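Asker: The sequence isn't on hand, but the structure is:
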Ligand SMILES: C[S@@+](CC[C@H](N)C(=O)[O-])C[C@H]1O[C@@H](n2cnc3c(N)ncnc32)[C@H](O)[C@@H]1O
């Protein structure tokens, strides 16, 4: 097994234990960008495409939820978005994101817990590669909905496994409650086509609008 395969196996083995997951990402941070690029990481490009469709104004205030080392922030910044904040569990990942200069502010915060942002603070929320088993729980959608302004969009990659394990039900609940509406959905794709078979998870980008 290569180091890259071991890091990926490790983050899924953490199985929702936030301390173990944080340690794994702290340990991977330095090699993360080159590893993901070698494996043909697709999520950031998919999100950028759907941001262009639903939140095209580059002045939109955007939260990158689970920003990691900032791969998505870099992409959005090249497209002109310059008011992007990022949150993540891992200080190691946040440190690399900070070195890229594309975020307005970065904070260590946990998706699934209460977020330290005012209600309706963001015009868009993006999340790439975070809504997958053992990572952010589906309950995080409640807080993300609270901090998204009415009419704003969430553009989220959600793996099929995470959708079945809870995201599908959480989205349906928030739609029924009149909090969100379904605005768009990509076709299925593999987020990390070069990864070992067990980690080649199918995903979709879901676009949800705050009512
Ligand atoms: C696969 S990486 C994706 C990073 C980045 N979004 C990207 O596309 O490269 C998953 C990230 O989610 C973060 N993460 C996982 N669970 C989290 C949670 N509950 N709250 C905040 N961040 C979380 C990890 O620390 C890691 O940086």
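Answerer: Now that the structure is in, tell me what you want to look at. All figures in this text were calculated on a predicted structure; none of them were measured in a lab.

Asker: Would you mind pulling the contact partners of the lengthiest strand in the chain?
Answerer: For the chain, the longest strand by residue count, based on DSSP state E, is strand 148-159. Identification of contacts with strand 148-159 by CB atoms under 8 Å, 6 or more residues apart in numbering yields 43, 46-47, 50-51, 54-55, 60, 120-133, 141, 144-145, 167, 180, 183, 191, 201-211. C-betas here are computed from N, CA, C, even on glycine.

Asker: where's the residue nearest to residue 43 when sequence neighbours are not counted relative to residue 76, distance?
Answerer: Excluding the flanking residues, the one nearest residue 43 by CB to CB, 6 or more residues apart in numbering is residue 128, at 4.1 Å. Distance of residue 128 to residue 76, given as CB to CB, to the nearest Å: 10 Å.

Asker: Touching both of these two, which residues are there?
Answerer: The overlap between the contact sets of residue 128 and residue 76 (CB under 8 Å, 6+ apart) consists of residue 64.

Asker: pLDDT weak spots in this protein?
Answerer: Residue ranges of the chain with pLDDT under 70: 1.

Asker: Show me where it has its strands.
Answerer: Here the chain has its strands, by DSSP E, at 62-65, 84-88, 105-108, 122-131, 148-159, 180-185, 189-190, 202-210.
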